[in-house]
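**Student:** Could you work out the structure for the sequence below:
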Amino acid sequence: MLAIALVPSVALLITGTTIAVSLGDQARTAGRWSDLLSHRITPLVAFATTMEDERTLSLMAVAGDLQALADLPAQRAKTDAALAAVNGLAVEMRPLNPGLATVSPEYLALGGRIGPLRQAVDQRRATTADVDDFYTKLLGTAPVGFEGIAHYTPDSMSGAEEMTTAAALRVIDLHSRAIGIADAALTGGSLGPDDRRDITALLGGYRTSLEALATRFTPADRALYTTLTSSPQWRTASDSEDQLMSRGTPSVPVEEWRAAEQSVQGRLVGIFESHARYANSLVGDSANRMLNRAILAAASIAAITIAVFVFAILLANGLVRRLRSLRSRSLELANDTLPSIIRRLNDGEQVDIEAEAAVLDDGADEIAQVAEAFTVAQRTAMAAASSEVRTRDGFNKVFVDIARRSQVLVRRQMDVLDVAQAKQNDPEHLEMLFQLDHLATRGRRNAENLLILGGAQPGRRWREPVAVEQIVRSAASETQDFARVSAIRLPDAWVHGNAVADLIHLLAELIDNATLFSPPEAPVTVHGNLVSRGMVIEIMDQGLGIRFDERERLNELLASPPEFEEMTLAGHRYLGLFVVGRLARRLGVTVSLHQSAYGGVNAIVLIPRDIMDTVAPEGDSAPAETGRAAGRATVPRPVTDAVPPMPGSAVPQLPPWPVAPPAAETTEPASDSGADRSAAPVLTPSRRSRTPLPKRQRLAHLAPELRPDTEPAQTTEPEPPADRRPPEQIRHSMAAFQRGTRRARDTTARTEHENGRSEHEH
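**Tutor:** The predicted structure is shown next:
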C-alpha cells in the first residue's frame, strides 16, 4: 500500500521534473542560440562584403583592368581571414543547427576550388562567367545557413525573422552581382547585348526582392530603408542602373556611379545587420521567458508533489499494518502449510481440507476480500492435489493389476510350454516350442514394465547372489534376436539376490534396443570389467547410431527419468529407456549412451559396489543359468534367428491333428517379423527315426539359490483326466483355438506394419 501511495507522487514528481528539465533545456538552448547569433553578425558581414569585393575585382581583372589585378592580393587576404572566421563559427553552430550538415559539403567543395580559380584569374585564363558562377555559389551558402537556423530556433517568431535576414542577404548578393558584371563590362568601354540582358535580369530581381522585403522590415529597418531611398546616392545609382539597362552606359561618369553603388551597398548591409540584431533579441527574450516558465513550473510541481505525497502517506499508514500481516501469513501458508499438506496427501494420509484452510483476515473491506480469495485458492490447490494423487494412485493400481494378470497368464503359458517341451521329441517342433517359450519370456518382461511404471516390484526374486555372467546370459535370452548377442570378458563377480531381477530387466532392455536398431546380420557384444567404483558392463551394437543432441537428451532421461505422465505429454516414445532409467535410479546404477567405434551405440552400465558380492554363494560349484535360458541351452538349435515357415508340402507328413471341417485349410505357422522367409526342409523318415532326446525337467539343473521364490511348475507329464471329452468336442475346441491364433497373428502383423517398429520402442 505504501508503494501504491508512492506511485502517483513519484509519477507526478517525475512528470514535473521532466517538464521543468525540458523547459530548462529549451531555455538553455535558446540562450546558447542568442549568444551564438550575437557573435555571428560580424563574421558573416565580413564574409559577404569581402567575397563580393573579390568577385568584383576578379571580374574587372578578367576584363583587363590592371589596377583591379593589382588590388586583388590585398583583397584576397581579407577574404581568407573572413573565411577562417566563418569556418570557426560553423563548428560552434553545428550542434544547434543540424541543417549545416547539408550545406557543409558544398561549402567545403567550393572552398577547395578557390585557389585554382584565383590562379586562373591571375593568368587571365578564367572567363567572366566562370568567376561570376563560382563566387555566386560560394556566397549562396550563407543564406541557406540562415534558413537552416530559422528551422531550429527555439522560437517561431525568431525563426520567421531569420528567414527575413536570409532574404536580405540574397538582395545584397543580387545587387553586388549586377554591379560587378556592369563594372567589368564598362572596363572594356560599354555593355554588349548579352551583358545588358544579364544586368537587366539581376537588377530586376534585386529591385523586386527589395520591395517585397521592405514590407517585412521592423520600424528600425524601415527607417534605414527610408533614409537609403531618399539619399542622392540612391537616385544616382537608380538612374544609372536604368541607363545601363536601356543604353548600356551609366547616366553619370563611371567613377561617380561606382561611388554611388558602393554607398547603396553599404546601407543595404546596414539594414541586414539591423534585422539580424533584431532576430537575435527575439531569441534572447524567448530564452528568458522559457527560463522563467521552467522555474515556475518546477516550483509548482514540487509543492503539489509534496502535498500529494504527505496526504497519501497519511491515508496508507493505517492499511500498511494489515497488509504486512496478510503478507506474512500468506507466505507462511505458501511456503510451509501448503507444501506440508501436499506431502501428506502424496504419502497417502487423509487430510481435512476445510480444517486445514486457515482464515487470513477477518475484516470486511477489500483487504479481507483478498484474504478470502487466498483462502479459496488454498482450498482449490489442496483439492486439486488430492484429486491428482488419487488419480495417479488409481492409474498405478490399474497398471499393476494389468501387469499381475499378464504375469499370471505368461506364467501359465510357460508352464504349458514346459510340459509340451518335455513331451516333444522332434527337434524342429522342439525348436518352435523354444521360440514360443522365448516370446513368452519377452511377454513377461513387458508385464514387468507395467509393474515398474506402477511403482511395484517385479515378481521374480532371488535369495542368493548370482554371477554376473549368468545375469547377462539371462538378459540376452529375453531379447528378440538373442542368437546375435555374444558375451565376452565378463568379470568373475556376483550381484545381490534382491537386485538380480531389476538388473536382468535393465540389461535386457538395453540389449533388445541394440539388436532392434542394428543390421540383422550384425553382432551385439556385451563385455565388462571391474573398476574402482564397482563394475562396468558395455553393450555395443553396429547400428546407425544416434545424433549427438538426441543422445544427450536420452542420457538426461536415463540420469533423471521424469514422471510417466510428463514423458507421455512430451510426446516421446521411449518406454524401454524410461524403464531403464527407473530401474537404474532404484538400483543406484549409472547408464549412459555413447557412440561406438562402429558408428552405433555403446551403452555403458556402471554397477556400484553396494549391490555386488565379492564372494560366491556356498554350494555354487559351477555356473548356473538364470531364468528360463537353461533349458533352451541343452538342445541343439537348427536355426539361430527364428523358425521359418513350413511349406505346404511338409504339412501332410506331420502327424495327423484332429481339426474341425471349417478350419481344414492349411495355416501358416507364426514366425518372427525379422526371420528368414526361406522354406524349412521336409521331414524325412530318417530324421523321424532318430534316437529320442532326453526329457526336460524344468529348473532341475539350477542351484537352489538361483531358483525363484515361487513354487516350480509341475514338470512331469500330467496324468490324463479320468473323464475324457468326446472326439467331436475336442475337434471343435481345437478348430476354435486354431482360428483364434490365426486372428491373433493377423492382428499382430497389421499392428507392427502400422507402427513401423516392433513392440519394443526406445
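
**Student:** Buried residues in stretch 412-427, which are they?
**Tutor:** 413, 414, 415, 417, 418, 419, 421, 422, 424, 426 (16 or more other Cβ atoms under 10 Å). (Glycine included, C-beta is placed from N, CA and C.)

**Student:** Same question for stretch 437-455.
**Tutor:** Under 16+ other Cβ under 10 Å, the buried positions of stretch 437-455 are 437-445, 447-454.

**Student:** Just the CA coordinates for it, please, in CSV.
**Tutor:** Extracted C-alpha coordinates of stretch 437-455, given in CSV (Å, rounded to 0.1, in the frame of the first residue of the first chain):
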residue,chain,number,x,y,z
ASP,A,437,9.0,-70.1,-24.8
HIS,A,438,11.3,-67.2,-25.8
LEU,A,439,8.3,-65.0,-26.8
ALA,A,440,6.6,-65.8,-23.6
THR,A,441,9.7,-64.7,-21.7
ARG,A,442,9.7,-61.4,-23.6
GLY,A,443,6.0,-61.0,-22.7
ARG,A,444,6.8,-61.5,-19.1
ARG,A,445,9.3,-58.6,-19.4
ASN,A,446,6.6,-56.4,-20.9
ALA,A,447,4.4,-57.2,-18.0
GLU,A,448,7.2,-56.3,-15.6
ASN,A,449,7.5,-52.9,-17.5
LEU,A,450,3.9,-52.2,-16.4
LEU,A,451,4.8,-53.1,-12.8
ILE,A,452,7.7,-50.8,-12.8
LEU,A,453,5.6,-47.9,-14.2
GLY,A,454,3.0,-48.6,-11.5
GLY,A,455,5.7,-48.4,-8.8
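
**Student:** any weak-confidence spans in the stretch 251-400 of the chain?
**Tutor:** In the predicted model of the stretch 251-400 of the chain, residues 346, 357-363 satisfy pLDDT under 70.

**Student:** can you give me the helices in it?
**Tutor:** 254-332, 338-346, 353-356, 366-423 (DSSP state H, counting those that start in this stretch).

**Student:** mind putting these in JSON lines, distance to residue 585 included?
**Tutor:** Shown next, in JSON lines, are the helices of the stretch 251-400 of the chain (distance: least, Cβ to Cβ, whole Å):
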{"stretch": "helix 254-332", "distance to residue 585": "33"}
{"stretch": "helix 338-346", "distance to residue 585": "18"}
{"stretch": "helix 353-356", "distance to residue 585": "32"}
{"stretch": "helix 366-423", "distance to residue 585": "17"}
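
**Student:** related to what we said a few turns ago, which one among the buried residues of stretch 412-427 gets closest to residue 514?
**Tutor:** residue 414 (25.0 Å; Cβ to Cβ).

**Student:** Now do the strands in the stretch 401-550 of the chain.
**Tutor:** With DSSP state E, counting those that start in this stretch, the ranges of strands along the stretch 401-550 of the chain come out as 466-467, 485-487, 494-495, 524-531, 534-540.

**Student:** Of the ones you listed, which stretch is the most buried?
**Tutor:** strand 466-467 (a mean of 26; mean count of other Cβ atoms under 10 Å).

**Student:** And that one, how far out from the chain middle?
**Tutor:** 52 Å (Cα atoms, centre = their mean, to the nearest Å).

**Student:** That strand pairs with which strands?
**Tutor:** strand 494-495 (antiparallel) (DSSP bridges).

**Student:** quick one: the partner strand to chain centroid distance?
**Tutor:** Worked out by Cα atoms, centre = their mean, strand 494-495 lies 49 Å from the chain centre.

**Student:** ok, now stretch 177-185?
**Tutor:** Distance of stretch 177-185 from the chain centroid (Cα atoms, centre = their mean) equals 72 Å.

**Student:** Thank you kindly, that will do.
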